[in-house]
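*Asks:* mind looking at a prediction? Sequence and model below.
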Amino acid sequence: MSLLLSPTDFRMLEGLRLAPRRPFHGRIRGERLTRRRGVSIEFADYREYTEGDDLRHLDWNVLARLQHPVIKTYQDEEDLAVYLMVDVSASMQFGAPAKAALARDTAAALAYVGLCGQDAVIPVAIGGSRQPLVTYRGRSAYARVAAWLDRNLAATGPSNLAQSLREFARQNARPGFIALLSDGLDPAAANELRVLGGRGFEVNLIQILAPEEIDPDLEGDLRLLDAESGAQVELTANRDALRVYAENLRAHNEGLESACRRFGGRYHLVRSDTALSSLIRDHLRPGGWFQK
Amino acid sequence: MSLIAPAALLWLIPLAGIIIALYLLKMRRRDVRVPATFLWPAMTYEIRANALFQKLKFSWLMVLQLLALAAIVFALARPQMLQRGLGGAVTVVVIDTSASMSATDVKPSRFGEAIRQAEGLISRAQSTDRIAVIEAGSVPRVVAALSGEPSRLRLALGELRPTDAEGDVGEALRLAASLAANQPSARIVLLSDGVFPEVSNFSPGKAEVVFPRIGTSSENVAISAFAMADTPRGRELFYGVRNFGREAAGVRLQLFADGKLFDSKSVELKPQQTVGETVRAPAGAKLFEAKLEGGDALAADDYAVALSDPGASVRVLLVTTGNLFLERALTLEPRVVLDKSATVPTSGEWDVAVLDGITAERIPARTVLRFGALGRGLNLRKPTFADASSGQPLLRGVELSDVYVDVAESGVAPAGAQVVAEFQGGTPAIMTRPASGRREVIVGFRPLDSDFPLQVGFPIFLANALEWLVPPSSRGTKMVVSAGRTISLPAPSDAPVTLKGPARSLTLNPTNGSVLLRDLRTVGKYEIGKRTLHVILRSDLESAIAPQDRVVLGGTPIASTNAITRFADLWRWVALLGLFILAGEWWLFARRS
């Protein structure tokens, strides 16, 4: 069984915790503070005493000094839902190395960080056949997450990024931290990201594009075949066509970034030949993905 | 615009069809699988074809190729367009310098406008054009032979001056036709106001004649007559003022005697009206001048001179249907002020009437010189002259034995006539008749029925006849001469003499005891030695300054044109445009592929 990451990668990821930009409600008590007032050692505020309050939280010092009863409140600590959405559409197989490889390794790394942080890690295959959501917790679950990634990301089914995101949004999954690893090459993707953001998810997109997608090396009279939809476009690849493609790609990427940032998420564009360590060091860490 | 070879346009159909058919061929494209096609624009530029067939799509390359083809085929059709400037490789410019061209109805004058137009022609000429300039003055001359050098032509134009004389446009045009003869593409440009008689005996050959009319106004008032006569009532001056315009005019006539104003009159004239009056001349005066003040377009005919010596100036009326020899010979006599007419006028007063084969009862002249037409019948064939007595003053210096006469009048001499010369057989040939009150010289044949006009003695005979008919009463030192006339004056020695004119002075060399004056072209006072010449313009032809819309040259009416135009070949420019479009098509092709 492959653990997907090297020992060096594991050492690099030790001690990191995912840092969502806003707190989320958890299902079970975890290690993350939430906005919900609860019982923990993290003091939050004072409030007026009311009947029925636990007298263990009455601030006796204040009562003795001011003759007025106040209750100390504490922030609750719950687990964080981390959705590792990995695009498995056909377009992810492009590039050398393929975009899917970097997406898989990045998903494994984020899963390891999440599991170590007692977060609920839920891997989701986007753009492929729909599968039930499975939640993994604890460091010991990493091997099973790696197996899931190894199994589900190898096979590609019917490809439609936007439709898969739409279906995920309809599943009434609890809001949480989404790490979307995709090339984002779907004209409706930005719209679906806004829908997810509107439902309370923090969508963080790592857009992985192959070098030949960023700077295509096409020439001559071509018929372009869409790897996912099978659509055809006749093209005379020349300077004008390449210029228009670059403008279209830039506008499309700006749409994706805007959709992510609109609801507090993060956006990173990386090349598929980027090393995992470089991605963590140069993009995710500076981008505030982790807390110490 | 017109096309020399319009049939070449038919090439457009098959060639454009081939280009369009090539665009109907479908291109075979290479299949490339890409992650997503929505980012790619559907930009297809089909510049190669290797499969059949497809729907025709819009293509800028195809449009440019069709445009280039259209331009090239259009160039092959040889388009031409009218352009200002010269047409033809050879252009002869005839510039009218007659008196009417001095009219100032166009600024600075009609002559100035003609020079300006000629300079425009020269400046617009192409490097291969050759231009000649001819002056149509009283004596036509070539001022610049055929040349392609603009500087030389402009220099020749700069030497031209307007004259106050009648011009000989017909002779100038004949000269131009001879220059343009045998030239493949020639054009004669007549820069004139059209104020000249109908030109006969003219054929431009292959050359085209263009007449850009110059002048706008016909308004002019002239002194049509000014003469002095001794009458029973005493010495009288007769003047006539004529309005040649189409509108009424008012002028002031001033009369001078020996330079002193002695009368001034306001004259109101209807269109085409002539007003004449006789006034008493101051006694003792020798020189009388008349000046018109009114500021009309032509100044030269607003001045006239009459001398108290009646023999100093001889007013001659030539009645002829056309006799150039007679006219030229008469004008060689310096005293003669010549008027021409085809019929005998009913009014007027002349010193001599010269009848060229014309019979008339009432002749408004004091003396008559008749050629034929005595009513005796032209039935004497090929007579030869008998020996004439050499003592006759009429035949002094005239040799008649060599004169060939084709047909002459037969019969006896009229009553009172004295035979001066006769043919073999006794038929009188030349007679004089000192009739009561009117002297007559009668010649029994018409000049054109003989070679007499070609003989050296012909002008001498005419001079003798005029001297006999109107003998000079004194050897005066003052003369009145018509402008443009060439006259001969006796010179006391062979030493050079100076002619001082109103504008400049000339030094002339006498030849054989006489000096020839050719430069009396402008109105005014000239002095040569002790003689004073008063040059005047009195010509109804030149005073009628109305510019003509058409002129008749050799029986062909030529309408005036507003501008001198030519057909310019455009095919070079159109072909250049086609090449330019092709270059643009190549650039677009390279850019897209």
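*Replies:* Structure's in. What do you need?
*Asks:* ok, B:Phe38 - contacts?
*Replies:* A:Leu185, A:Pro187, A:Asp226, A:Ala231, A:Asn248 (C-beta atoms under 8 Å, 6 or more residues apart in numbering or on different chains). C-beta coordinates here come from the backbone N, C-alpha and C atoms, glycine included.
*Asks:* what's the answer for A:Ser229, then?
*Replies:* The contact partners of A:Ser229, by C-beta under 8 Å, 6+ apart, come to B:Thr37.
*Asks:* and it, that's in a helix?
*Replies:* No. Going by DSSP: H, G, I helix; E, B strand; the rest coil, the assignment for A:Ser229 is coil, not a helix.
*Asks:* coming back round to it: out of the contacts of B:Phe38, who's near chain B?
*Replies:* A:Leu185, A:Pro187, A:Asp226, A:Ala231, A:Asn248 (C-beta under 8 Å from any C-beta of the partner chain).
*Asks:* any idea how far the first one lies from A:Ala19?
*Replies:* Distance, A:Leu185 to A:Ala19, by C-beta to C-beta, to the nearest Å: 28 Å.
*Asks:* ok, the two, which is more surrounded?
*Replies:* Per other C-beta atoms under 10 Å in any protein chain shown, whichever of A:Leu185 and A:Ala19 has more neighbours is A:Leu185, with 29 against 15.
*Asks:* got the contact list for that one?
*Replies:* With contact taken as C-beta under 8 Å, 6+ apart, A:Leu185 is in contact with A:Ser91, A:Leu161, A:Glu213, A:His252, B:Pro35, B:Ala36, B:Phe38, B:Leu39.
*Asks:* could you redo the last one with a cut-off of 10 Å?
*Replies:* A:Leu185 is in contact with A:87, A:89, A:91-92, A:94, A:99, A:159, A:161, A:207, A:209, A:213, A:226-228, A:249, A:252, A:256, B:34-39, counting by C-beta atoms under 10 Å, 6 or more residues apart in numbering or on different chains.
*Asks:* contacting residues around B:Glu268?
*Replies:* By C-beta under 10 Å, 6+ apart, the contact set of B:Glu268 is B:Asn243, B:Ala248, B:Ala249, B:Gly250, B:Val251, B:Val275.
*Asks:* so what's the residue count around B:Leu157?
*Replies:* Number of residues near B:Leu157 (other C-beta under 10 Å) recorded here: 20.
*Asks:* where does it sit, in terms of helix or strand?
*Replies:* Using DSSP states H and E, B:Leu157 sits within helix B:150-159.
*Asks:* rewinding a little: in helices only, show me the contacts of A:Leu185.
*Replies:* A:Lys99, A:Leu161, A:Glu213, A:Leu249, A:His252, A:Leu256 (DSSP state H).
*Asks:* ok, so of those, who is nearest chain B?
*Replies:* A:Leu249 (5.3 Å; C-beta to the nearest C-beta).
*Asks:* pLDDT score assigned to the closest one?
*Replies:* On the pLDDT scale, A:Leu249 is placed at 94.
*Asks:* wait, it touches A:Pro216, no?
*Replies:* Yes. Counting by C-beta atoms under 10 Å, A:Leu249 touches A:Pro216, with 9.2 Å between them.
*Asks:* need the overlap of contacts for those two.
*Replies:* The contact lists of A:Leu249 and A:Pro216 share B:Leu39, B:Trp40, where a contact means C-beta under 10 Å, 6+ apart.
*Asks:* once you drop chain neighbours, what's closest to B:His540?
*Replies:* Careful, residue B:540 is Asp and not His. Nearest residue to B:Asp540, sequence neighbours excluded (C-beta to C-beta, 6 or more residues apart in numbering or on different chains): B:Ser224, at 6.9 Å.
*Asks:* who wins for neighbours among the ones in helices among the contacts of A:Leu185?
*Replies:* With neighbours defined as other C-beta under 10 Å, the most crowded of the ones in helices among the contacts of A:Leu185 is A:Lys99; it has 29 neighbours.
*Asks:* pLDDT score assigned to residue 227?
*Replies:* No chain specified, so I'll use chain A. Residue-level pLDDT assigned to A:Ala227 equals 83.
*Asks:* chain B is the one I meant
*Replies:* Confidence at B:Ala227, expressed as pLDDT, is 80.
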